[in-house]
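Enquirer: Generate a structure from the sequence data that follows.
(2 chains)
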Amino acid sequence: METFNVYASRLITKKEYFSPGHRACQGCAEALAVRMVAKALGQNVIVSSATGCMEIVSSPLPFTNWRVPWIHVAFENTSAVASGVEAGTKALIRKGKLPDKGTVFLGMGGDGATADIGLQSLSGAFERGHNFLYVCYDNEAYMNTGIQRSSSTPFGAATTTSPAGKLTPGQITWKKNMAEIAVAHNIPYVATSCSSYPFDLIQKVKKAARINGPAYIHVLSVCPTGWRVPPNKAIWIGRLAVETGVFPLYEVENGKYRITVDVPELRPVLDYLKPQGRFRHLTPELVDEIQERVTHEYNKLKAKTAL
Amino acid sequence: MLKQIEGSQAVADVVALCRPNVISAYPITPQTHIVEDLSVIVGQGKLDAEFVNVESEFSAASVVLGASAAGARTYTATSSQGLLLMAEVIYCISGMRLPIVLTCANRAISAPLSIWNDQQDSMAVRDAGWIQLFAEDNQEAADLHIQAYKIAEQTFLPVMVCMDGFILTHAFEPVDIPEQKQVDDFLPPFKPRHIVDPRWPRGIGLYADPRFYMETRYILHRAMEKSEKTIKEVSADFAKTFGRDSGGFIKTYKLKEADVAIVSMGSVVGTIKDLIDQLEEEGKKVGLLQICSYRPFPRQEIYNILKDKMNIVVLEKCISLGRGGILASDIRWSFPRAEKKDRNISSFIAGLGGRNITSDDLRYMVERVEKEPVELEFLGLKKELISDKDL
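Expert: Numbers count the residues shown, from 1 in each chain, chains lettered A, B, ... in the order given. The predicted model follows:
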């Protein structure tokens, strides 16, 4: 799957582990990302999920969309729960009470559960070195509760708690760089991905699952409802995020940076901002400010890949 | 084997004998020695367990939750602020019916910061669907842990063993630590009910809309009530196997003939018993009702035993601010309305934030209720520290 061609999609399993019939909004690119990650990991996985969109759309008692073992406890402790599942399984395997089948331990949460309320528990699990994969599905706000800003909401985006008005231009802080925070923990594998690039995502998940120790994948997940875009434009918006350099796709393996979806020439950020209702209030000056920041961050990343 | 050891060491030794697979905890005074001692036991290879050093109590509770859901026997310990930080997960553990055992080294709650003993912390989570057992001394604290695993794994309810911080955790007393074989014979291996296992995929922790939520609470409440039988059976079984009485629902001391019945729980009952003996020599008939299982609350037992007692005094190390004695409310509720009329049930709060409860304090309390019933009084309160401006 290193080089993709039209036949590559046939290599992906037809089996669904995150089944259809869930209650996500039309065009939800996060549900798509979850589906791809589930396909990449297959049957031999235990999922620990944070509270949030993906939990709420998939687990209304007495139904579940999960065809793999799945546990949800609370908003802020997914990584600790995954640590516990991993530690418990490890102990039971060592004592011969469970067969050693190389089960993957997956922790998953949205940007709020990862970058805000669950950051401490994630950091703790990284530091302790549990053999688990954490996937953050980043839709850039608390969408489940009705589009409130998080520390992962980009500068300028209007949300219900960072409204655009006379005094504020929407979100007034810059997006927290979770991937870099993960890299700073010196874990063996960190990557960014996006469900608009399914092969990139699947490949990274498979790689991360093979790695011994903590791995982190940050998946940009377009939210048509919260970003104010038509549902049929979600995939296109995700591509624009990558093509404009707003959300570059890269991986960091044992500290070595590599851009996985190369964009020889970045498109202007306006191409990405313009179709989205959450940015419609932005003045040309603010767009320039965002452009400057995006270019700066992108060059910083490029410089790291050259090391 | 009889050992002269610290309470924390006794608990650690006994927990290790119960062979937990995963231990996760965060240090907090006065619980710290328990997990220090356990980490040494694991480190020396005397216990094969995963010892997960977490970054907070919240994660400690979450780790044992995850491990228990994976089918492991688990252990954690905490106190005070740590238990409050855990509170959200405490509710999740019982709601998910995971038989986790936790030691609460009882300590006061901030603010003001106090590391010293009272029982406000475990009281703060009394409604969470955890069985709460209170130890009188270190022998009982040790014994209760062995019973706790058996009770938890039979009822699928988590058990909190409460022992007074410092007064028990840091006290050196002779404690009989059983042999591994005795514990193995008493405590069968953990057979989990629902686990996360790729061989049998299932969802745990699904959300319940209004069509389903209330039933989960009802079932949990009934399970708590039904656990009464298990607690008694396990305690009786323990007495048969180990040759000493520990735990159970309630215990009494010289209560039968008593004119004044003191109700209390935790380590203070030792001081109360001494006073009862002294008063007996002076010709006064005072007895004790000691609560071991605070949740489930032994209402029927209490009623049966106290129904002839017209002068009851409840002594507790916690308070519901704006309401009064918590245990006192529970005791008052144990009597049908018609039988409350001529019955005096006095309420005393004592020992908050580690203030000593002396024999003189207790003597004063008994003399006070002999004269008249007391709605609510703080025992040993220093009035000179309180000005009118404060009130």
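Enquirer: Return, as residue ranges, the portions of the stretch 201-307 of chain A with sub-threshold pLDDT.
Expert: Applying pLDDT under 70 to the stretch 201-307 of chain A picks out no residues at all.
Enquirer: Can you tell me what sits against the helix or strand where A:E285 lies?
Expert: Using DSSP states H and E, A:E285 maps to helix A:284-305. Here helix A:284-305 makes contact (Cβ atoms under 8 Å, 6 or more residues apart in numbering or on different chains) with A:154-156, A:169, A:174, A:244-246, A:248, A:250, A:257-259, A:266, A:268-270, A:273, A:282. All C-beta spots, glycine's among them, are computed from the backbone N, C-alpha and C.
Enquirer: 7 Å instead?
Expert: Residues outside helix A:284-305 that contact it (Cβ atoms under 7 Å, 6 or more residues apart in numbering or on different chains): A:155-156, A:169, A:174, A:244-246, A:248, A:250, A:257-259, A:266, A:268-270, A:273.
Enquirer: Could you do stretch A:8-18 as well?
Expert: With Cβ under 7 Å, 6+ apart, stretch A:8-18 has contacts from A:1, A:34-35, A:38-39, A:42-43, A:58, A:65-68, A:199, A:202.
Enquirer: try 10 Å this time
Expert: A:1-2, A:4, A:31-43, A:45, A:47, A:54, A:58, A:64-68, A:70, A:198-199, A:202, B:201 (Cβ atoms under 10 Å, 6 or more residues apart in numbering or on different chains).
Enquirer: so who does the nearest residue to B:S346 once chain neighbours are set aside touch?
Expert: Nearest residue to B:S346, sequence neighbours excluded (Cβ to Cβ, 6 or more residues apart in numbering or on different chains): B:V374, at 4.0 Å. Each residue near B:V374 by Cβ under 10 Å, 6+ apart is listed here: B:V313, B:V314, B:A328, B:N344, B:I345, B:S346, B:S347, B:F348, B:M365, B:R368.
Enquirer: Count the neighbours of the fourth one for me.
Expert: By the other Cβ atoms under 10 Å in any protein chain shown criterion, the neighbourhood of B:N344 contains 16 residues.
Enquirer: Could you check the pLDDT of it?
Expert: We have a pLDDT of 95 for B:N344.
Enquirer: next one: the second one
Expert: Looking at B:V314, its pLDDT stands at 98.
Enquirer: Toward the C-terminus from the strand or helix carrying it, list the very next helix or strand.
Expert: Here B:V314, judged by DSSP H and E, is contained in strand B:311-316. As assigned by DSSP H and E, the chain's next helix or strand after strand B:311-316 is helix B:326-333.
Enquirer: pLDDT on that following helix, on average?
Expert: Averaging pLDDT along helix B:326-333 gives 97.
Enquirer: which helices and strands sit right next to it?
Expert: If contacts are counted by 3 or more Cβ pairs under 10 Å, 6 or more residues apart in numbering or on different chains; DSSP states H and E, helix B:326-333 sits against helix B:120-124, strand B:260-264, strand B:286-291, strand B:293-295, helix B:299-306, strand B:311-316, strand B:344-349.
Enquirer: ok and the third one relative to strand B:311-316, angle-wise?
Expert: To tie it back to what came earlier, the one meant is strand B:286-291. 50 degrees (axes from the mean of the first three to the mean of the last three Cα atoms, to 10 degrees).
Enquirer: Dump strand B:286-291 to CSV, restricted to CA.
Expert: Below are the C-alpha coordinates for strand B:286-291, written out as CSV (Å, rounded to 0.1, in the frame of the first residue of the first chain):
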residue,chain,number,x,y,z
VAL,B,286,-24.1,2.0,79.1
GLY,B,287,-23.8,-0.1,76.0
LEU,B,288,-22.5,0.2,72.4
LEU,B,289,-23.9,-0.6,69.0
GLN,B,290,-21.0,-0.6,66.5
ILE,B,291,-21.8,-0.3,62.8
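Enquirer: Looking at chain B, which residue is nearest chain A?
Expert: Using Cβ to the nearest Cβ, B:G66 is the residue of chain B that sits closest to chain A, at 2.5 Å.
Enquirer: For stretch B:112-132, which residues meet the burial criterion?
Expert: Neighbour-count burial for stretch B:112-132 flags B:114-126, B:128-132 (criterion: 16 or more other Cβ atoms under 10 Å in any protein chain shown).
Enquirer: out of the contacts of stretch A:8-18, which are inside helices?
Expert: Residues from these lying in helices, with DSSP state H as the criterion: A:31-41, A:54, A:58, A:198-199, A:202.
Enquirer: For those, work out which two are farthest apart.
Expert: A:S58 and A:F199 (23.9 Å; Cβ to Cβ).
Enquirer: With neighbour numbers in mind, choose between those two.
Expert: Taking other Cβ under 10 Å, A:S58 and A:F199 do not tie; A:S58 has more neighbours (25 against 19).
Enquirer: show me what contacts that one?
Expert: A:18-19, A:21-24, A:31, A:34, A:49, A:64-66, A:70, A:72, B:203, B:206-207.
Enquirer: B:Q300 contacts B:L306, doesn't it?
Expert: No. Look at B:Q300 against B:L306 with Cβ atoms under 10 Å: they stay out of range, at 11.1 Å.
Enquirer: neighbour count winner among the two?
Expert: Between B:Q300 and B:L306, counted using other Cβ under 10 Å, the more crowded position is B:L306 (23 against 11).
Enquirer: Now for that one: which residues touch it?
Expert: B:250, B:252, B:255, B:261, B:263, B:287, B:289, B:312, B:331, B:334-335, B:339, B:343, B:345.
Enquirer: repeat that for 7 Å
Expert: B:L306 neighbours (Cβ under 7 Å, 6+ apart): B:A261, B:L289, B:I312.
Enquirer: per-residue pLDDT, it?
Expert: 96.
Enquirer: How about B:F378, nearest residue that isn't a chain neighbour?
Expert: The nearest residue in space to B:F378 (Cβ to Cβ, 6+ apart) is B:I349, at 5.0 Å.
Enquirer: Keep only the contacts of helix A:284-305 that also lie close to chain B.
Expert: Among these, proximity to chain B is found for none (Cβ under 7 Å from any Cβ of the partner chain).
Enquirer: Please narrow the residues you listed to those residing in helices.
Expert: Filtering the contacts of helix A:284-305 for helices - DSSP H - leaves A:L270, A:L273.
Enquirer: Just the buried ones from the contacts of helix A:284-305, in PyMOL syntax?
Expert: Buried subset of these, written as a PyMOL selection, criterion 16+ other Cβ under 10 Å:
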select buried, chain A and resi 155+156+169+244+245+246+248+250+257+259+266+269+270+273
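Enquirer: nearest to B:V161, of the contacts of B:L306?
Expert: The nearest one, if we look at the contacts of B:L306 relative to B:V161 and count by Cβ to Cβ, is B:L289, at 20.3 Å.
Enquirer: looking at it, the closest one is touching B:T252, isn't it?
Expert: Yes. B:L289 is in contact with B:T252 according to Cβ atoms under 7 Å; the separation is 5.6 Å.
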